[in-house]
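Asker: here's my sequence, what's the structure:
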Amino acid sequence: MSPLAHEADLVVFGGTGDLSMRKLLPALFHSDLEGRLAPQTRIIAMSRGGLDDADFRGKVDSEVRQSVPDESEAWQRFLGRLHHVSVDVGGDDTSGWAALTRLLAGHEQRDRVFYLASPPMTFGPFCRDLHGAGLITPQSRVVLEKPLGRDLASSQLINAEVGRYFAEEQIFRIDHYLGKETVQNLLVLRFANAFLEPIWNSLWIDHVQITAAESVGTPGRRGYYDHAGALRDMVQNHLLQLLTLTAMEPPARNDREAIRDEKVKVLQALRPIVGDEVSRFTVRGQYDGYLDEPSSTPPTELSKRVETFTAIRAEVKNWRWSGVPFYLRTGKRMPYRRSEIVIQFKDVPHAIFPGGSPNRLVIRLQPEEGIELHIMAKEPGAGEVTLKPVPLKLSFGQTFTARVPEAYERLLSDVLAGNPTLFMRRDEVEAAWRWIDPILEAWESSSELPEPYPGGTTGPAGAHELLGRSGRAWHEEETP
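Answerer: Here you go, the predicted model:
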């Protein structure tokens, strides 16, 4: 058993919801299967479902069982860890809190992890009710799912509410992108390989592209997406996190706070995009058919204005990155599902062979995690030298025989171990919102609607013009 596997009570608020059933419970089962959960660790779901333990175990058995390995003995052991408590957060009925108190009684020395897989407006009331029930111990931690607010002001309010009852070191703000194997390998790639550091700067790098593309739309989720949009849903958290890890300075040590300190410095160095610059350096689009997709709520005026695609030209104003644009792009109903970071190097100083193209480092997060270094090579044959870009590939799936854990497995293990390195600190979240807010405000005050684009394409024309004005193009457009 892992030395990190000590006894804990993991309480999941929203424990019968979609996130819990699709991600959290399968991740916890894999942790159990691989010996990373202590024998007495319990998983306690909280919801308004009115279920008892047997009902909840039956629900998990029917909805989760088919998505995990066929290990009957391990599955039965896992089901035995599960409990359910019905609770009315922020309401007058306190019987649920009394039931949770009885369940946790006698285990005050265990770590208590409260995972809030619920909308952000519930974070404050949940923590207040936890405090009122006397359930927060010095060994307690709370995990907050994104989105953490809609803007800087609402984010600060949520942080302040949660901070009344939990110290900052007890708060784990989760972004599942940071649990992906390739994201963690990005730090190793940069800081454990000496040949990269001398060229990881504006002298050698022309620009950086960070893309998170999805082939699906928002069927059934338009009610949520109308109020979120791509900028809040993806850029403020996922893409800015990838930008910070790509651009950060080498930390003095592999330390939880040293790494997070360097990430905050990157966000603080982002050049603000304000006023008229918003229309020049950002693009928003909406795929055709968004308003017609089935949903529990009919389309509104807000539906017409929400972006399902955005592209941004960002700049990190410091010595390392001066003059290097960072292009951020995310969208739905694109031709592929792909998340990647592309480091585009500059041309060779003096080209003696015609037909060459700059080297490129592609760090792929999904669907197949891996790293590709595109170099120029001579095509076989007599006569004139003909160049062709050739990728040197590292596929994690082919190179490493061990199963690659899902992002939530790593992050849940870190929460249980009390390791906050891959989680966002309060100043980090708020620095991201400070940069995002002026873009949101400009979009919301504009009379222009998002630029339409056909589903199954790489986004609106404005996104290609964003790079085209400087003679650049998105990665897939350059791929032979």
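
Asker: please count neighbours and contacts with C-alpha atoms only from this point.
Answerer: Fine.

Asker: low-confidence bits of the protein, can you list those?
Answerer: Residues of the chain meeting the criterion pLDDT under 70: 1-5, 90-92, 296, 382-383, 396-397, 401, 477-480.

Asker: enumerate the beta-bridge partners assigned to residue 112.
Answerer: residue 9, residue 140 (DSSP bridges).

Asker: against residue 424, how distant is it?
Answerer: Residue 112 sits 20 Å away from residue 424 when distances are taken as Cα to Cα, to the nearest Å.

Asker: wouldn't residue 451 be in contact with residue 284 here?
Answerer: Yes: counting by Cα atoms under 8 Å, residue 284 is a contact partner of residue 451 at 6.3 Å.

Asker: which one of the two has more residues nearby?
Answerer: residue 284 (28 against 21; other Cα atoms under 10 Å).

Asker: residue contacts, that one?
Answerer: By Cα atoms under 8 Å, 6 or more residues apart in numbering, the contact list for residue 284 reads 307, 308, 309, 310, 311, 450, 451.

Asker: excluding its backbone neighbours, what's nearest it?
Answerer: Nearest non-adjacent residue to residue 284, counting by Cα to Cα, 6 or more residues apart in numbering: residue 310, 4.4 Å away.

Asker: run a quick neighbour tally on residue 381.
Answerer: Neighbour tally, residue 381, other Cα under 10 Å: 8.

Asker: what's the answer for residue 403, then?
Answerer: So residue 403, with other Cα under 10 Å, has 8 neighbours.

Asker: tell me the backbone dihedrals of it, please.
Answerer: Dihedral angles of residue 403 (phi, psi; degrees, to the nearest 10) stand at phi -60, psi 130.

Asker: does the residue nearest the centre of the chain sit in a helix, a strand or a coil?
Answerer: Closest residue to the average C-alpha location of the chain: residue 177 at 3.3 Å, with Cα atoms, centre = their mean. Look at residue 177: counting by DSSP: H, G, I helix; E, B strand; the rest coil, its state is helix.

Asker: any idea how far the residue lying closest to it once chain neighbours are set aside is from residue 340?
Answerer: Nearest residue to residue 177 in three dimensions, chain neighbours excluded: residue 238, at 6.1 Å (Cα to Cα, 6+ apart). Noted for residue 238: a distance of 12 Å to residue 340, by Cα to Cα.

Asker: what about the two, which has more around it?
Answerer: Taking neighbours as other Cα under 10 Å, residue 238 and residue 340 compare with residue 340 leading, 24 against 18.

Asker: the residue nearest to residue 284 belongs to a strand, doesn't it?
Answerer: Yes: assigned with three-state DSSP, residue 310 falls within a strand.

Asker: that one and residue 285 touch, don't they?
Answerer: Yes: applying Cα under 8 Å, one finds residue 310 in contact with residue 285, separated by 6.2 Å.

Asker: can you show me the helices along the stretch 201-350 of the chain?
Answerer: Shown for the stretch 201-350 of the chain, the helices assigned by DSSP state H, counting those that start in this stretch span residues 222-230, 240-247, 256-269, 277-281, 301-305.

Asker: isn't residue 85 up against residue 47?
Answerer: Yes: between residue 85 and residue 47 there is a contact under Cα under 8 Å: 6.8 Å.

Asker: ok, those two, which is more surrounded?
Answerer: For residue 85 versus residue 47, neighbours defined as other Cα under 10 Å are more numerous around residue 85 (26 against 20).

Asker: report the contact partners of that one.
Answerer: Contact analysis of residue 85 by Cα under 8 Å, 6+ apart lists 44, 45, 46, 47, 50, 51, 52, 53, 96, 99, 100.

Asker: okay, those in CSV with secondary structure next?
Answerer: Shown next, in CSV, are the contacts of residue 85 (three-state DSSP):
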residue, secondary structure
44, strand
45, strand
46, strand
47, strand
50, coil
51, coil
52, coil
53, helix
96, helix
99, helix
100, helix
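
Asker: which among those residues count as buried?
Answerer: 44, 45, 46, 47, 51, 53, 96, 100 (16 or more other Cα atoms under 10 Å).

Asker: was I right to think the second one contacts residue 13?
Answerer: Okay, so that is residue 45. Yes: using Cα under 8 Å, residue 45 is in contact with residue 13, at 6.2 Å.

Asker: just the strands from the stretch 151-300 of the chain, written as ranges.
Answerer: 171-173, 205-213, 282-287 (DSSP state E, counting those that start in this stretch).

Asker: adjacent strands (with direction) for the second one?
Answerer: Which is strand 205-213. Counting by DSSP bridges, strand 205-213 is paired with strand 325-331 (parallel), strand 338-345 (antiparallel).

Asker: which of the ones you listed sits closest to residue 188?
Answerer: strand 338-345 (15.0 Å; Cα to Cα).

Asker: if you count neighbours, what's buried in the closest one?
Answerer: Using 16+ other Cα under 10 Å as the test for burial, strand 338-345 gives 338, 339, 340, 341, 342, 343, 344, 345.

Asker: return the member of those nearest to residue 193.
Answerer: residue 343 (15.9 Å).
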